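J.: below is the sequence, then the predicted model.
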Amino acid sequence: FFADVELAWVQAVLTEKSVAGDIVRLVFDRDGQEYVFEATTDEVSRGAKELPPLCNPPVLEGIDDLTSLSHLNEPAVLHNLQVRYGMHNIYTYSGIVLVALNPFAHVPLYSQDTLEAYAGRMRGELEPHLFAISEDAFQGMVRDKRNQTIIVSGESGAGKTMSAKHIMRYFASAHEGTANSGEASERVGISRVEEMILATNPVLESFGNAKTTRNDNSSRFGKFLEIRFSERHTIEAAYIRTYLLERSRLVYQPATERNYHVFYQLLQSAANVGGERLGLINSEGVPLTWRDFAYTAQCGDIPGVDDAVEFRATGEALATIGVDRAQQSQVHAVLAALLHVGNIAIGGGSERIGATIEAESEVACDFAVSLLQIDGALFRKWLLKRQIVTRSEKIVSNMTRAQALVVRDSVAKFIYSHLFDWIVRTINGSLLGEDGGERMAVVEAASFIGVLDIYGFEHFEVNSFEQFCINYANEKLQQNFNRHVFKLEQEEYQREQLRDWTFVDFQDNQPCIDLIEGKPLGILSLLDEESRLQQGSDATFAEKLIKQFSNTDLAPSKFFGKPRFSNAAFTIRHYAHSVEYAADGFIDKNKDTVPDEIQNVLKASGDSLVRAILGGDPMIEINRLSVRAARKPTLGAVFKHSLAQLMETIEATDSHYIRCIKPNEQKAAWMFDAPMVLAQLRACGVLETIRISCAGYPSRVALPEFIRRYGVLAAADLQINGHQHSELQIGDLAALATRILDAAFADDRGRFQVGLTKVFFRAGMLALIEKLRVERLNQAATAIQRLVRGSQQRIKWKRLRKATLRIQRSARGFLARKQFMAERRRRAAVKIQALCRGALARGRARDRRTAVVRLQTVVRGYLARLWYRAERRSRAALLLQSLARRYLARRRAKREIYVITRLQARFRGRTARRELRRLREEARSAAHFQDVTYKLEGKLMVLTRQLD
């Protein structure tokens, strides 16, 4: 059994059961832990409480088709997916739906060998794979002559974009060798159209994908690729339709999200594309980064992604689809201009003062004007002012700072959305050939397969107009899925008068769609009405919605809700989840208008690319829907019309569904969050698909086609003539089909039913009967081949025997003569060899002796010369040594004499100087005494005279 523990199902073993009065008690054990279930019999009978669901036997764990489980319930389906995911099997069938869980890791499932293995194989022969769905669609197109559509859906981050890329690669590579009958097995290079189809992926991802909180490569637009095949089932053209590019992302992103990839790629490669000219390298030669621009400053690099490498890949892809280097340079200039537009800072205050461009942002404004090649004065004027046209005059007034900022961002969004549309038109022109363009878009192809990659259901903390349109598209797709899998199935069972099937209820979301698109009081209608009013505002729009849909008994009103604490928001109960939308910004985003004055300035650009991208307005096609031809349709009306066209295309084709599941919110590899997966399984209708697949018959074949194709299974009993059964009545055809099925499945009649015009099969039975047909045809072909080859081999053997005898006779005579001549030659050769060998041996002996003597002479002479040179060296060394020693001895003797002489001279000089000083001192002393004596004598004489 499965036990429910905190919203997660775990397997447990029933260990105890008891019924006490009207209370049922069940005890389960899992690894020593007990889980208890208690309920009254009345609660169980009324369905208030359900008994724990049964587990499937171990042999069915990890089975590749959920409809093959013995016990079908939510925990069993979830457990089977978890087991397969743990085994790194990310694909599982669920009836007609392929469930794909994102591994968030590289898996070796998309190699060329794997792709070729699925080519030509029927669904169910190999493991579940999106290549099997692609091949099923291709075979349905070839076999049934009907167009096909593959719808890839799921929430953001579930892997839709990568799945669509692999599907496109499959169609471009798997059957390129089938163009020439008889040469299908020979591999040939892919065609130019197929190469361009593959090249559209990096281009559209670069310009239309961005990093979000849930996905590093989230598609911010919807894409329907129509791959057109010729009558020989080779790709001859393709056409791409896009839906609702998220324009607001250009000017605003949440904190952890990025702008479109192409801006970061351009900044990383600024040095290679003339960054100085584009203003992406400053005056010091340093490249600017994403932090330097307002439109990219929220978030930068993505781990594991090199934007410079991606930019080169984008450039190569653009060249492949026909955008040459000159046009690529113009595209780079437009992208750089948008970055500079975002850096234009608006100042000013009230409407009386008027908004102004800040002085520090004049450089950014100059770069934007220069790159767009427009009139700078007019651009600055109409960026800050507005013109009101009356019957008699034109009034120019100032705008406030907030209004100018809105105009600035609207200009950026206007240019980028038209650039994106121009790229799509260029791609379509290349994919449709030299005569491409919109004219070829409406030409009916022999057959086509469409691949729809559209945004998944979105529910954020703050949901705006973009999320509203995205979830509206998902409501329509879910309705198509419901009608295809549930409603149309059961209606067809009734129409065909089948027996032994039960009515399966399903959730119809038509009231929710009526709430959104209903006329005249749907949300879109009220939004358009409010957008056309001069004084229309988001608050008034929210008030009208609340007044219109609150407290009414209409069916759509049940899907509308008013938040408890806000009057500027509203809630819609979608099929997957209730989403609260903030009405702020709905009016401006729905209008999505740029002042005519600025449009005229842009359209007068001197750049040919700017004029080209602004020349084709995708809204012109919708003008005829408006009441007045001059009124420009709103973005909501355009999206509604595009979505209606898409649904018409899908409903006119055979649909194949791939439901992508995001297994965890952390984007961790191979981590399975069971409650999150279960919620997505409920939302995308996988569980309901299992119910209808088990209760109904998902495969069917028209009676004439069934008899023509599978009559070989009972041809021996029925004697069906291919030219006669088409003239039989419907009743006769049903009887023939019944006899064929009885012959093929005598013991399993519950697996099929014959209706009025079709034969219906349970899941997997069509593949089984196709396998039986192939086996029967193979048996017949083998029998025919056996007889023909036997006859051919007998005739060939007789001819070979006769020719062999003749050849043997001639060969034996030839061999005998050849052998005789060979013996003669051998004997002559032996004699010649003996003579030659003797002469050669004697010659070799002489040569060896001569060589030895010569060698000895050379060696001895060499040794003598070596000895002589050594002797000369020895004598020369002795002579040098004697001369050197004598020289050294003399030099030492001279040195010693010189030193001794110097010492003696020094000593004698010092002694003489001492003696000289002594003598001088003595001389000085005697003279002094003599002077004193003379003075005394003089004084004495003076005194004597005086005395006398």
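T.: In hand now; what should we look at? Numbers count the residues shown, from 1 in each chain.
J.: of all residues in this structure, which one is nearest the centre?
T.: M162 (4.6 Å; Cα atoms, centre = their mean).
J.: next SSE downstream of the helix or strand hosting it?
T.: Here M162, judged by DSSP states H and E, is contained in helix 160-173. Counting by DSSP H and E, the element after helix 160-173 in chain order, helix or strand, is helix 192-208.
J.: only alpha carbons, please: show the helix holding M162 as PDB.
T.: Once non-C-alpha atoms are left out, helix 160-173 reads as follows in PDB (Å, rounded to 0.1, in the frame of the first residue of the first chain):
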ATOM      1  CA  LYS A 160      10.500  22.800 -23.300                       C
ATOM      2  CA  THR A 161      13.100  24.700 -25.300                       C
ATOM      3  CA  MET A 162      15.700  22.000 -25.300                       C
ATOM      4  CA  SER A 163      13.000  19.400 -26.200                       C
ATOM      5  CA  ALA A 164      11.800  21.500 -29.200                       C
ATOM      6  CA  LYS A 165      15.500  21.900 -30.300                       C
ATOM      7  CA  HIS A 166      16.000  18.100 -30.300                       C
ATOM      8  CA  ILE A 167      12.800  17.600 -32.200                       C
ATOM      9  CA  MET A 168      13.800  20.000 -34.900                       C
ATOM     10  CA  ARG A 169      17.200  18.400 -35.100                       C
ATOM     11  CA  TYR A 170      15.500  15.000 -35.500                       C
ATOM     12  CA  PHE A 171      13.400  16.100 -38.500                       C
ATOM     13  CA  ALA A 172      16.400  17.800 -40.100                       C
ATOM     14  CA  SER A 173      18.700  14.700 -39.700                       C
END
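J.: chain center to that helix, what's the gap?
T.: Distance, stretch centre to chain centre, for helix 160-173: 10 Å (Cα atoms, centre = their mean, to the nearest Å).
J.: from the contact counts, what lies against that helix?
T.: If you count contacts as 3 or more Cβ pairs under 8 Å, 6 or more residues apart in numbering; DSSP states H and E, helix 160-173 packs onto helix 112-118, helix 130-144, strand 148-153, helix 192-208, strand 218-219, strand 222-229, strand 447-453, strand 654-661. To be clear about C-beta, it is placed using only N, CA and C from the backbone, and glycine gets the same treatment.
J.: neighbouring contacts of it?
T.: Residues from elsewhere that reach helix 160-173 (Cβ atoms under 8 Å, 6 or more residues apart in numbering): 100, 110, 112, 115, 118, 130-131, 133-135, 138, 150, 152-154, 190, 194-195, 197-198, 200-201, 205, 209, 217-219, 223, 225, 227, 235, 449, 451, 453-454, 456, 658, 660.
J.: of those residues, buried ones?
T.: Buried members of the contacts of helix 160-173, scored by 16 or more other Cβ atoms under 10 Å, are 100, 110, 115, 118, 130-131, 133-135, 138, 150, 152-154, 190, 194, 197-198, 200-201, 205, 209, 217-219, 223, 225, 227, 235, 449, 451, 453-454, 456, 658, 660.
J.: confirm F570 sits in a strand?
T.: Yes: assessed by DSSP: H, G, I helix; E, B strand; the rest coil, F570 belongs to a strand.
J.: distance of the closest residue in space to it that isn't next to it in sequence from F586?
T.: In space, and not counting its chain neighbours, F570 is closest to L545: 5.1 Å by Cβ to Cβ, 6 or more residues apart in numbering. In this view, L545 and F586 are 10 Å apart by Cβ to Cβ, to the nearest Å.
J.: over to A364?
T.: From A364 over to F586 the distance is 30 Å, taken as Cβ to Cβ.
J.: which one's more surrounded, these two?
T.: Taking other Cβ atoms under 10 Å, A364 and F586 do not tie; F586 has more neighbours (25 against 22).
J.: quick one, grab the pLDDT at the more buried one.
T.: Listed pLDDT for F586 reads 88.
J.: cool, I692 as well?
T.: For I692, the model assigns a pLDDT of 65.
J.: swap in Y472?
T.: 89.
J.: need the three-state assignment for it.
T.: helix.
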